[in-house]
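Chemist: predicted model and sequence follow; I will ask about them next.
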Amino acid sequence: MNIFIDSNIFLDMLSGEDDGKYKEIFDSKSNRFFTNTLVLNEVRFKLLFIMASQRLKTTKKFAIIKKIKSDKTLRELAYARYIDFFATVSAHCTILPQPEEEVASYTLTKDIGLLPADADIIMSMRQEGITTILTTDDDFKKVPGIKVMEP
């Protein structure tokens with residue numbers, strides 16, 4: 001059977017809260033697993049969000065997002081966990097469209113401090129050879145080779 005895996009399953013597994021409840025599904029030789037970069041993007045963001053929330057001891061969204069953007073050590077710690085997770089996922093799941101895009105996207109988040117959705121925007125732009133973005137989001141100014149056009 002072909003089975004698409006959503007982010008909540010991956011987050012259960014990363015948090016250790018799955019208690020083996022998915023073992024039978026994943027151990028079955030008749031199952032083939034799929035996910036996509038949007039799901040992985042959500043996992044990356046939620047992992048960053050949870051770790052930042054724990055460090056700040058707050059649930060205030062904007063404070064957490066600011067922490068994610070400014071704290072490279074936090075991003076490196078989160079991505080150390082994420083890279084191991086991604087290696088496991090890519091070994092057992094077909095990632096749609098391609099896992100190479102996910103690696104490049106999470107590298108932008110880790111190294112530059114872009115939020116995962118913004119990193120995916122940059123990946124889409126690069127695929128089409130687009131180097132200019134019309135935005136009011138200053139975070140894109142940190143990306144080498146990208147020109148920010150402000151309204």
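Modeler: Okay, I see it.
Chemist: just give the number of residues close to R44.
Modeler: 27 (other CB atoms under 10 Å). Any C-beta I mention is one placed from the backbone N, CA and C, and that applies to glycine too.
Chemist: okay, and the helix or strand of this protein with the least pLDDT?
Modeler: helix 99-112 (a mean of 80; mean pLDDT, DSSP states H and E).
Chemist: that one - contacts with which helices or strands?
Modeler: Helices and strands touching helix 99-112, by 3 or more CB pairs under 8 Å, 6 or more residues apart in numbering; DSSP states H and E, are helix 37-56, helix 72-92, helix 116-127.
Chemist: quick check: phi and psi at L114.
Modeler: Taking degrees, to the nearest 10, you get phi -70, psi 150 for the backbone angles of L114.
Chemist: distance check, it against I64.
Modeler: Counting by CB to CB, to the nearest Å, the gap from L114 to I64 is 15 Å.
Chemist: the two - which one has more neighbours?
Modeler: Shown here are L114 and I64; by other CB under 10 Å, L114 has more neighbours (24 against 20).
Chemist: and for the nearest residue to that one once chain neighbours are set aside, the neighbour number?
Modeler: Nearest residue to L114 in three dimensions, chain neighbours excluded: L108, at 5.1 Å (CB to CB, 6 or more residues apart in numbering). Residues within reach of L108, counting by other CB under 10 Å, total 21.
Chemist: same check on E128?
Modeler: The number of residues packed around E128, counting by other CB under 10 Å, is 7.
Chemist: same check on V103?
Modeler: With other CB under 10 Å as criterion, V103 counts 12.
Chemist: give me the nearest residue to it, chain neighbours excluded.
Modeler: F86 (7.6 Å).
Chemist: quick check: the one you found touching N41?
Modeler: No: at 11.6 Å, F86 does not count as touching N41 under the criterion of CB atoms under 8 Å.
Chemist: what comes into contact with the least confident helix or strand of the chain?
Modeler: 37, 40-41, 44, 48, 72, 75-76, 79, 82-83, 86, 90, 95, 114-116, 118-120, 122-123, 126-127, 142-143 (CB atoms under 8 Å, 6 or more residues apart in numbering).
Chemist: hey, C-alpha coordinates of that helix in PDB?
Modeler: Provided in PDB are the C-alpha atoms of helix 99-112 (Å, rounded to 0.1, in the frame of the first residue of the first chain):
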ATOM      1  CA  PRO A  99      15.000  15.700  -1.300                       C
ATOM      2  CA  GLU A 100      17.900  17.800  -2.700                       C
ATOM      3  CA  GLU A 101      15.600  20.800  -2.500                       C
ATOM      4  CA  GLU A 102      14.900  20.100   1.100                       C
ATOM      5  CA  VAL A 103      18.600  20.000   2.000                       C
ATOM      6  CA  ALA A 104      19.200  23.300   0.300                       C
ATOM      7  CA  SER A 105      16.200  24.800   2.000                       C
ATOM      8  CA  TYR A 106      17.100  23.800   5.500                       C
ATOM      9  CA  THR A 107      20.700  25.000   4.900                       C
ATOM     10  CA  LEU A 108      19.300  28.500   4.200                       C
ATOM     11  CA  THR A 109      17.300  28.400   7.400                       C
ATOM     12  CA  LYS A 110      20.200  27.200   9.500                       C
ATOM     13  CA  ASP A 111      22.900  29.400   8.100                       C
ATOM     14  CA  ILE A 112      21.100  32.600   7.300                       C
END
